[in-house]
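In: Show me how the following folds:
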Amino acid sequence: MRGGRIAVVGGSIAGCAVATAAARAGADEVVVLERTSGRLQDRGVGLCIHNERAAELGASGALPGGIAAHPLEQRRWVVRDDAHGPGGRVIWEQPFPFHSYHWGLLWHGLRESVPQSVVYRQGEAVTGVEETGTAGARVRLAGGSVERYDLVVGADGYRSVVRTALCPDSRPQYAGYVCWRGNFDAALLAGLGSVADSVPEAGTTICFPGGSCVIYRIPGPDGPRVNWVLYGSPPQDGQLRRGDPTSFPPGGLTPALAGHLAALLDREFPPYWARALALTDPADTFVQPIYDMETTRTAAGRLLLAGDAASVVRPHNTSGAAKALQDATALADGWRRCGSFEELLRGYEETRGAAGRELVALARRLGRAQVEQTPAWAGMDGGEMEAWWRGQLGGAPGIGGRAMTP
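Out: Predicted coordinates for the structure are as follows:
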């Protein structure tokens, strides 16, 4: 299949990957419509990609080479136990074959790889999308203009405008808990006077009743950083709106929210790790509610969804970036094999729709086990932890996503 005018709504990780895939596969014109007018917001957050997924995506061209990444090999599960010192007690160690990334550096690498033939338009907010049958689809912009395309790809995140047009009944649902996120300069750990973090290739999960916190190193623009994601129940005093809460961006935590986090660290964390997270500058600390969603379809007519627009997966599965890049790869592969847009979208729905639903289901199991219904961590040994982990997987080979089906 050759030719066609393609709109990609959203210019973040999924959007850049999809635009590159469509242009290389043979689209006549690819236009990215990104609503922000300046640099995309970079909260400095970390993310991970499984080594096998990274190798596959690198071979397909979806993951450009040369992007800074930090190798991780092991994940240590730790509980507070004052008898074992300030670093806590390790209850289980498991292999963790991932590489960690800095969101901004990954996005920058993907943005630089977008072919020059792609028109990347910033400050173009899309307010609506409408199918026009076999003639394609129309995109309505905030300024009032309407543009026609042969295919519109929604890569516009968990509140996707394109998804609203394709499957209006599919909406993200609040999972009932939040994650606190932050990152800080890894060099600051030297001042804590402990060897609890002496293995940079190991990630650490702090376990406590009603939640858990994942801590690992990432590359940063100015050197290595420590990234952390803490999952737990929201404050019960109304600081977060119930039902459909919104996030508090970096630097936006209220004194009450900051106090809630500090009390949680003091009460539940091994002292070393409580002090470590306290090194995070308030400007680099934020809280966001956890949502998830599986769509009834990911492609139909002349509309197609990619990344978080197609399925919102709780972060426990460590699959978000890989899934977005796999979606782009599937689009390119289908483009090369298919003879029409109808065949392309039908094949994409069959493969990527099922993949998204599987990831959502797995992440829900992980969320229940690690936040909503936590076990008595402190009384578990390695064998019990391993059995508990297999129960969460429910037959899946592991976290981080699966290999793409040829």
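
In: Show me where the stretch 251-400 of the chain has its strands.
Out: When secondary structure is read from DSSP state E, counting those that start in this stretch, the stretch 251-400 of the chain shows strands at 285-294, 299-300, 303-305, 311-312.

In: Turn those into JSON lines, columns for mean pLDDT.
Out: Output for the strands of the stretch 251-400 of the chain, formatted as JSON lines (pLDDT from 0 to 100):
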{"stretch": "strand 285-294", "mean pLDDT": "93"}
{"stretch": "strand 299-300", "mean pLDDT": "94"}
{"stretch": "strand 303-305", "mean pLDDT": "97"}
{"stretch": "strand 311-312", "mean pLDDT": "95"}
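
In: now those strands in TSV, with distance to Arg368 and mean neighbour count?
Out: C-beta: built from backbone N, CA, C; applies to glycine. Output for the strands of the stretch 251-400 of the chain, formatted as TSV (distance: least, CB to CB, whole Å; neighbours: other CB atoms under 10 Å):
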stretch	distance to Arg368	mean neighbour count
strand 285-294	12	21
strand 299-300	30	22
strand 303-305	26	29
strand 311-312	17	28
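
In: Nearest to Gly367 among those would be which one?
Out: In terms of CB to CB, the element of those nearest to Gly367 is strand 285-294, at 7.1 Å.

In: quick one: the strands in the stretch 51-200 of the chain?
Out: 70-79, 89-102, 119-122, 126-131, 137-141, 146-149, 151-154, 173-185.

In: for the stretch 51-200 of the chain, which spans come out with low pLDDT?
Out: Of all residues in the stretch 51-200 of the chain, those with pLDDT under 70 make up the ranges 195-198.

In: Using CSV, please lay out the strands of the stretch 251-400 of the chain together with distance to Gly394.
Out: As requested, these are arranged in CSV below (distance: least, CB to CB, whole Å):
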stretch, distance to Gly394
strand 285-294, 16
strand 299-300, 27
strand 303-305, 25
strand 311-312, 17
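
In: Quick one, which of those strands gets closest to Ala187.
Out: Among the strands of the stretch 251-400 of the chain, strand 285-294 sits nearest to Ala187 (CB to CB), with 18.4 Å.

In: so who does Leu110 touch?
Out: Taking CB atoms under 8 Å, 6 or more residues apart in numbering, we find Leu110 in contact with Ile13, Cys16, Ala17, Thr20, Pro64.

In: picking that back up, go through the strands of the stretch 51-200 of the chain and pick out the most buried.
Out: Burial among the strands of the stretch 51-200 of the chain, expressed as mean neighbours by mean count of other CB atoms under 10 Å, is greatest for strand 151-154, which shows a mean of 30.

In: who does it pair up with?
Out: strand 5-9 (parallel), strand 303-305 (parallel) (DSSP bridges).

In: Okay, Ser100 and Val9: tell me how far apart.
Out: 28 Å (CB to CB, to the nearest Å).

In: end-to-end on stretch 80-88?
Out: 5 Å (CA to CA, to the nearest Å).

In: Mind listing what's buried along it?
Out: Within stretch 80-88, the residues that count as buried by 16 or more other CB atoms under 10 Å are Arg80, Pro86, Gly87, Gly88.

In: how about the residues you listed in JSON lines, adding distance to Val119?
Out: Listed next are these as JSON lines, based on distance: CB to CB, whole Å:
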{"residue": "Arg80", "distance to Val119": "54"}
{"residue": "Pro86", "distance to Val119": "55"}
{"residue": "Gly87", "distance to Val119": "52"}
{"residue": "Gly88", "distance to Val119": "52"}
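
In: Return the subset of those residues lying in helices.
Out: When DSSP state H is applied, these are split such that none fall in helices.

In: Out of the strands of the stretch 251-400 of the chain, the one nearest Tyr348 is which?
Out: The closest approach between Tyr348 and any of the strands of the stretch 251-400 of the chain, judged by CB to CB, belongs to strand 299-300 at 4.6 Å.

In: Return the list of helices and strands in contact with that closest one.
Out: Counting contacts by 3 or more CB pairs under 8 Å, 6 or more residues apart in numbering; DSSP states H and E, strand 299-300 packs against helix 341-348.

In: Which neighbouring elements make contact with the helix it packs on?
Out: Helices and strands touching helix 341-348, by 3+ CB pairs under 8 Å, 6+ apart, are strand 299-300, helix 320-337.

In: So for Gly243, what's the pLDDT?
Out: Predicted confidence (pLDDT) for Gly243: 66.

In: what's stretch 369-387 in contact with?
Out: Residues from elsewhere that reach stretch 369-387 (CB under 8 Å, 6+ apart): 77, 79-81, 89, 91-94, 176-177, 207-212, 231-233, 316, 388, 391-392.

In: quick one on the thing from earlier: so which of the strands paired with strand 151-154 gets nearest Ala328?
Out: strand 5-9 (9.8 Å).

In: which residues does His15 contact?
Out: Not quite, residue 15 is Gly, not His. Val8, Val9, Val32, Glu34, Ala155, Asp156, Ala306, Gly307.

In: Now with 10 Å, please.
Out: Counting by CB atoms under 10 Å, 6 or more residues apart in numbering, Gly15 makes contact with 8-9, 32-34, 40, 107, 110-111, 114, 120, 153-157, 306-307, 309, 324, 328.

In: element containing it, please.
Out: Gly15 is part of helix 13-25 when elements are defined by DSSP states H and E.

In: Let me know the next secondary structure element after that helix.
Out: According to DSSP H and E, the helix or strand after helix 13-25 is strand 29-34.
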